[in-house]
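A.B. asks: Provide a 3D model corresponding to the input given below.
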Amino acid sequence: MAGRCARSALDGEHREHAPGCRGDHRAIDRAGGPVVLVGHSYGGVPVTEAGDHPAVERIVYVAAFALDAGESVITSMGGALPGVWGISDDQLTMGRSREERVDMIAADMPPGVPRDASEQLADLFRPQSLASFSDQVSHVAWRVKHATYVLTENDGVVPPAFQESLAVRSSAEIVRIPHGHAPFQEDPAGFADLLERVATLSSVAS
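C.D. replies: Got it, this is the predicted structure:
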């Protein structure tokens, strides 16, 4: 990205992350230059924690949890998770069944997208420990770094109004896009172009 490094923090379904863990700093060290951190959904938690690294120029939240100190994902949502998130054996999944997960993703897709695409994406999600949703954030990088919040206006997973409240609180530049929870799936080229523009903003700001 224009000579920069954009590191993506994976969703919680793909990766565990305990707030306070500084392992992401080692990855930023290896980047060897200015970094733009991108966090999607639960990925907002690790980028908030790691984004205070000196090499980080901007944090980009994509329909993500931009939490404050002492907050967890659960407390940020009023102390309870949405009923459409399945919980079993201390593991959490998007949707209480595969079919429900596919339905949620399909509802986010533009008209005309084959259901097969939603099924393929649904199968990429993995259970995440319920405990990780209770872990409290201790480092809040958006208080000291530039931030951009990509607000997905058709999101059926993280409500747009909730996203807006997080974005406003973090004083992030808000970019609204008419997509569901996974804009990189709906419009890969357009999303990549958006990140490129955000990286350019970071270059101008620095």
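A.B. asks: What residues are bridge-paired with the most centrally placed residue in the chain?
C.D. replies: The residue lying closest to the centre of the chain (Cα atoms, centre = their mean) is His40, at 1.8 Å. Taking DSSP bridges, one finds Val62 as the beta-bridge partners of His40.
A.B. asks: Do you have the strands of the protein handy? List them.
C.D. replies: Using DSSP state E, the strands assigned to the chain run over residues 5-9, 35-40, 56-62, 85-88, 91-94, 128-129, 146-152, 173-177.
A.B. asks: List of residues touching the last one?
C.D. replies: Strand 173-177 is contacted by residues 146-153, 164, 167-168, 183, 194, 198, 201 when judged by Cβ atoms under 8 Å, 6 or more residues apart in numbering. Backbone N, C-alpha and C define where each C-beta goes, glycine included.
A.B. asks: And the fifth one, by the same measure?
C.D. replies: By Cβ under 8 Å, 6+ apart, the residues outside strand 91-94 that reach it are 13, 81, 84-87, 101, 104, 125, 127-130, 133, 157.
A.B. asks: same thing but at 10 Å, please
C.D. replies: 11-13, 41-42, 73-74, 81-82, 84-87, 100-101, 104-105, 122, 125-133, 157, 181 (Cβ atoms under 10 Å, 6 or more residues apart in numbering).
A.B. asks: Can you flag the buried ones in those residues?
C.D. replies: Buried subset of these (neighbour count, 16 or more other Cβ atoms under 10 Å): 11-13, 41-42, 73-74, 85-86, 100-101, 104-105, 122, 125, 127-128, 130, 132-133, 157, 181.
A.B. asks: The strands of the chain: lowest mean pLDDT?
C.D. replies: Among the strands of the chain, strand 5-9 carries the lowest mean pLDDT, a mean of 43.
A.B. asks: could I get the longest helix along the chain in PDB with only the CA atoms?
C.D. replies: In the chain, assigned by DSSP state H, the helix with the most residues is helix 188-205. Extracted in PDB, the C-alpha atoms of helix 188-205 (Å, rounded to 0.1, in the frame of the first residue of the first chain):
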ATOM      1  CA  PRO A 188     -12.900  -7.100  -2.800                       C
ATOM      2  CA  ALA A 189     -11.500  -4.600  -5.300                       C
ATOM      3  CA  GLY A 190     -13.500  -1.700  -3.900                       C
ATOM      4  CA  PHE A 191     -12.500  -2.500  -0.400                       C
ATOM      5  CA  ALA A 192      -8.800  -2.700  -1.300                       C
ATOM      6  CA  ASP A 193      -9.200   0.700  -3.000                       C
ATOM      7  CA  LEU A 194     -10.700   2.100   0.200                       C
ATOM      8  CA  LEU A 195      -7.800   0.800   2.300                       C
ATOM      9  CA  GLU A 196      -5.400   2.400  -0.200                       C
ATOM     10  CA  ARG A 197      -7.100   5.700   0.200                       C
ATOM     11  CA  VAL A 198      -7.000   5.400   4.000                       C
ATOM     12  CA  ALA A 199      -3.200   4.700   3.800                       C
ATOM     13  CA  THR A 200      -2.800   7.800   1.700                       C
ATOM     14  CA  LEU A 201      -4.600   9.800   4.400                       C
ATOM     15  CA  SER A 202      -2.000   8.500   6.900                       C
ATOM     16  CA  SER A 203       0.800   9.600   4.600                       C
ATOM     17  CA  VAL A 204      -0.600  13.100   4.500                       C
ATOM     18  CA  ALA A 205      -1.200  13.200   8.200                       C
END
